[in-house]
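Asks: Take this sequence and fold it.
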Amino acid sequence: MIIIAYGFTLILTKLSGFKKLAGTLVAMALICLLGTCLYTQAWFTKAENRNKVPQDVVTICDVFADNDSDIIRIMAPLDVAVYLRQMDSRFSMPYGRDLPDEAYELTNERPDVSLVSSYCQANDVDCVVVSAAEGILNAYLNYGFGLYGRTPYYAVLTPFSGDWLLTEYAMDSGDQGMCYTMENTADGTLILIDGGDAKNEATLRQAILEKGGTVDAWILTHYHQDHIDAFNAIYADTQGIQIKDIYVTGLDEETFYSLNLQEWDDVDTYKTFVEITEDATNIHTVSRNDVLNINGLKITFFNACDQVVLNNNEDIPNNVSLVFKMETDQRSILICGDAHSQYLAEYLVDTYGGALSADVLQCGHHCNNSMPTDSGFYDMVNPEVSIFDCPDSIMTSPNFTAGLLASYLQENGSRIIWYKTAPNIFAF
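Replies: The predicted model follows:
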């Protein structure tokens, strides 16, 4: 374009009078006929406001209208970051023209939120602007970032950092199951919850090895194959993995075999567990109301195998599940294993009341025939996030009640997370 324009200019300078006017008109006609009108291009949009900046930028600034701070340290994607200081001089960026790698996680479809959290902590960032696409925004909210405000395409969040990271894993088998790691990023302390079915063994081994190879505490909620078959495989052949303490519900052999067992009660899984742990000295049977304190993480047990469960002969192998709350000074999660019956839900509400309240809830029994909604259990927990340990086939099938429970919890303000976005990470 520069060469063509320069050529026209040279030609016109050699003309004078009427010829120069005619030449100018011809040049303009050629440009109109042969050129491309910028205003007709798909990428061109008219200014959305008199400031000639994206409307999202104006809305983001409006979010801070009542903020009295003289300086607001903000981290934002490039397409809005370039305009923010133009609109509000209080905005201060923790980086210059060259974006750090962490900034690209603000719009990444599968963001590494821990990178952004660490960056915010190291650079005293007050707020973060991320894409409001559901998957991206939920990843940040799950982690613990707070929603400060939003626009149609972006969300303004307050950063969150915690020493403990909880990760929910999907089953490699594609079925339901339960597998969590709880890792202290400051000192490497690792807690495992269940572990999933036999096909999840490789994933679980890899996760343990990536986190140092030592399990400081392994909590087994109960003895069904979709919860502990991977544990059985690893415990029987550790391959260098060190397992320190194991916490279990006290369902002894005599009681187990005296129950009215169903086909899903996994006699072989229970039998294998008993055999491989027969001479173990690191097995600890948990009682109701026991409390563990592990490096600033408080674990309180609200349910275990005892007469409260055994006296009500309803799905005992599931209802002996350890129900416990893990909490730091900042955040908490209530784990329910496969506990699910009406009488147990009402017992927990009547006995522990507000102590059940938690920011995150792992819904019992993979959310199929879980704690009944009329028991008062969910009102008492009042979770911001509810985790369903199941695949789409359970979430969307009319043969299961997970969809109904999800709708109920959403109506009551809880966000639903399941295997669709796993691994799902939460900071505490």
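Asks: Phe302 should be in a strand, yeah?
Replies: Yes. Applying DSSP: H, G, I helix; E, B strand; the rest coil, one finds Phe302 inside a strand.
Asks: The nearest residue to it once chain neighbours are set aside: neighbouring residues, count only.
Replies: Excluding the flanking residues, the one nearest Phe302 by CB to CB, 6 or more residues apart in numbering is Val323, at 4.7 Å. All C-beta spots, glycine's among them, are computed from the backbone N, C-alpha and C. When neighbours are defined as other CB atoms under 10 Å, Val323 has 27 of them.
Asks: what sits against Val323?
Replies: By CB atoms under 8 Å, 6 or more residues apart in numbering, Val323 lies in contact with 301-303, 334-337, 339, 348, 364.
Asks: And Val320, by the same measure?
Replies: Counted by CB under 8 Å, 6+ apart, Val320 has contacts 222, 249-251, 303-305, 309.
Asks: let's see 6 Å
Replies: Each residue near Val320 by CB atoms under 6 Å, 6 or more residues apart in numbering is listed here: 222, 249, 251, 305, 309.
Asks: quick one: which helix or strand includes the residue lying closest to it once chain neighbours are set aside?
Replies: Distances taken as CB to CB, 6+ apart put Cys305 closest to Val320, at 3.8 Å, once the chain neighbours are dropped. Under DSSP states H and E, no helix or strand contains Cys305.
Asks: burial measure for Cys305, as a count.
Replies: Neighbour count of Cys305, defined by other CB under 10 Å: 25.
Asks: Ok, the one 4 residues further on next?
Replies: Residues contacting Val309 under the criterion other CB under 10 Å number 25.
Asks: Likewise for Thr107?
Replies: Residues lying near Thr107 (other CB under 10 Å) number 16.
Asks: Identify the bridge partners of the closest residue to it other than its chain neighbours.
Replies: Nearest non-adjacent residue to Thr107, counting by CB to CB, 6+ apart: Ser131, 4.5 Å away. Counting by DSSP bridges, Ser131 is bridged to Tyr154.
Asks: Quick one, grab the pLDDT at Ser131.
Replies: As predicted, Ser131 sits at a pLDDT of 97.
Asks: Touching, it and Glu105? I think so.
Replies: No. Ser131 is beyond contact range of Glu105, at 10.2 Å (criterion: CB atoms under 6 Å).
Asks: what about the chain, any weak spots by pLDDT?
Replies: For the chain, residues meeting the criterion pLDDT under 70 lie at 43-47, 49.
Asks: that older thread, if you count what's nearby, which of Ser131 and Glu105 comes out ahead?
Replies: For Ser131 and Glu105, the more surrounded residue by other CB under 10 Å is Glu105, and the numbers stand at 24 against 18.
Asks: does that one sit in a helix, a strand or a coil?
Replies: Using three-state DSSP, the structure places Glu105 in helix.
Asks: For it, give me its contacts.
Replies: Contacts of Glu105 by CB under 6 Å, 6+ apart are 111-112, 115-116.
Asks: residues near the closest residue to it other than its chain neighbours, how many?
Replies: Of all residues beyond its chain neighbours, the one nearest Glu105 is Pro111 (4.3 Å), with distances taken as CB to CB, 6+ apart. Counted with other CB under 10 Å, residues neighbouring Pro111 total 21.
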